[in-house]
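> okay, here's the prediction I keep looking at, along with the sequence it came from:
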Amino acid sequence: MKEYALIVAGGKGTRIKSSTPKQFLELDGKPVLLHTLEAFYRYSENIHIILVLPADDFATWEMLCTRHKFHKPLILQRGGDSRFQSVKNGLDKIDGDGLVAIHDGVRPLIHEDIIGASFRLAAVHKSAVAAVRLKESIRMTDQDTTKAMDRSRFRLIQTPQTFQVDLIKKAYSLKEDDTLTDDASVAERAGHAISLFEGSYENIKITTPEDLVVAEALLRSRKGRG
Ligand SMILES: Nc1ccn([C@@H]2O[C@H](COP(=O)(O)OP(=O)(O)OP(=O)(O)O)[C@@H](O)[C@H]2O)c(=O)n1
Ligand SMILES: C[C@](O)(CO)[C@H](O)COP(=O)(O)O
């Protein structure tokens, strides 16, 4: 089955408060996004990568990304005003069937084993979404009151989120809704059951400044492990 990776890197990174979008900030000597792309090519030299870049200054980001030569060229696409729009634009670049792993460009610590597991499981279950258990207690808050919750019933959801191409394209053809924060919620809204699999605590999303420090430390420790 044909395998695609749809890497969304079209955001502005407002929460990290940097003038350069966070996917292009340097992490252990190279841009965050390059770490992410390299992990997918480590998984497979034959994977088809669609890379969604910010629509503002698209030509600049395009030049930056094509300067680095991979053995298989990236398929570039313009992002939209929301992650939903960026994923939808990226899916437009896929013709025919297969499986697509949708992944945040700002999760540079993704490991090729997780990518492989997501494709294997999606081939069987039509969807495969990386998730981890909570390591802390949680409470539900409601104005002035709070209530302890059973953490064993919850998962933190990561990417990759891998789907059959036709399923996820149809799901993204429905109307955008702000409450749909990931691809699993978009597929679920379209009536599909979502299969979870074990992600990794290392697969962090660079969202706020301290995440860069943690990512740098994790990358160094990986190098130390060889
Ligand atoms: N319009 C958008 C918004 C987000 N993303 C991508 O979706 C992933 C996860 O989004 P998030 O961490 O929220 O990124 P930003 O939207 O850039 O960050 P912020 O919400 O802080 O502005 C990122 O790789 C980001 O580049 C995208 O492709 N297009
Ligand atoms: C897709 C995602 O990374 C799964 O955890 C997450 O929902 C993105 O959220 P954000 O608020 O747009 O960063």
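Noted; the coordinates are in hand. Ligands and ions are numbered 1, 2, ... in the order given.

> going forward, measure contacts and count neighbours with C-alpha atoms only.
Noted.

> output the set of residues of the chain in proximity to ligand 1.
8-16, 79-83, 86, 104-106, 207 (C-alpha under 6 Å from any ligand atom).

> recalculate using a threshold of 5 Å.
8-15, 80-83, 86, 104-106 (C-alpha under 5 Å from any ligand atom).

> for the lowest-mean-pLDDT helix or strand in the chain, name the packing helices and strands.
In the chain, the helix or strand scored least confidently by mean pLDDT, DSSP states H and E is helix 58-67, which has a mean of 91. In terms of contacts (3 or more C-alpha pairs under 8 Å, 6 or more residues apart in numbering; DSSP states H and E), helix 58-67 is not packed against any helix or strand.

> distance from the chain centre to it, please.
Here the centre of helix 58-67 is set off from its chain's centre by 20 Å, with C-alpha atoms, centre = their mean, to the nearest Å.

> give me the contacts around that helix.
Helix 58-67 is contacted from outside by Leu53, Pro54, Leu74, Leu76, Arg78, using C-alpha atoms under 8 Å, 6 or more residues apart in numbering.

> in contact with the first one, which residues?
Meaning Leu53. Counted by C-alpha under 8 Å, 6+ apart, Leu53 has contacts Val8, Ala9, Gly10, Gly11, Trp61, Glu62, Leu76, Gln77, Arg78, Gly79.

> and Val213, by the same measure?
Contacts of Val213 (C-alpha under 8 Å, 6+ apart): none.

> is ligand 2 contacted by the longest strand seen in the chain?
Looking across the chain with DSSP state E, the single longest strand is strand 155-164. Yes - with C-alpha under 5 Å from any ligand atom as the criterion, ligand 2 is reached by strand 155-164 at Ile157, Gln158.

> oh, and call the first residue 28 from now on, that's how I've got it
Okay, residue one is now 28; in that scheme the one you just asked about reads as strand 182-191.

> list the buried residues for that strand?
Going by neighbour count (16 or more other C-alpha atoms under 10 Å), the buried part of strand 182-191 is Ile184, Gln185, Thr186, Pro187, Gln188, Thr189, Phe190, Gln191.

> quick one: pLDDT of the second one?
Gln185 is assigned a pLDDT of 99 by the prediction.

> now the residue at the greatest distance from the centre of the chain: phi and psi?
In the chain, counting by C-alpha atoms, centre = their mean, Asp171 sits farthest out from the average C-alpha position, at 35.0 Å. Note on Asp171: its backbone torsions stand at phi -90, psi -10 [degrees, to the nearest 10].

> let's test this: mean pLDDT of whichever helix in the chain runs longest, rounded?
Longest among the helix segments of the chain by residue count, using DSSP state H, is helix 236-252. With pLDDT averaged residue by residue, helix 236-252 scores 94.

> restricting to C-alpha, output it in PDB.
Extracted C-alpha coordinates of helix 236-252, given in PDB (Å, rounded to 0.1, in the frame of the first residue of the first chain):
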ATOM      1  CA  PRO A 236       9.900  28.000  25.100                       C
ATOM      2  CA  GLU A 237      10.700  25.400  27.700                       C
ATOM      3  CA  ASP A 238       9.800  22.600  25.200                       C
ATOM      4  CA  LEU A 239      12.900  23.600  23.100                       C
ATOM      5  CA  VAL A 240      15.100  23.100  26.100                       C
ATOM      6  CA  VAL A 241      13.600  19.600  26.800                       C
ATOM      7  CA  ALA A 242      13.800  18.600  23.100                       C
ATOM      8  CA  GLU A 243      17.500  19.600  23.000                       C
ATOM      9  CA  ALA A 244      18.200  17.600  26.100                       C
ATOM     10  CA  LEU A 245      16.400  14.600  24.700                       C
ATOM     11  CA  LEU A 246      18.200  14.800  21.400                       C
ATOM     12  CA  ARG A 247      21.600  14.900  23.200                       C
ATOM     13  CA  SER A 248      20.700  11.900  25.400                       C
ATOM     14  CA  ARG A 249      19.700  10.000  22.200                       C
ATOM     15  CA  LYS A 250      23.100  10.800  20.700                       C
ATOM     16  CA  GLY A 251      24.800   9.600  23.900                       C
ATOM     17  CA  ARG A 252      22.800   6.300  23.600                       C
END
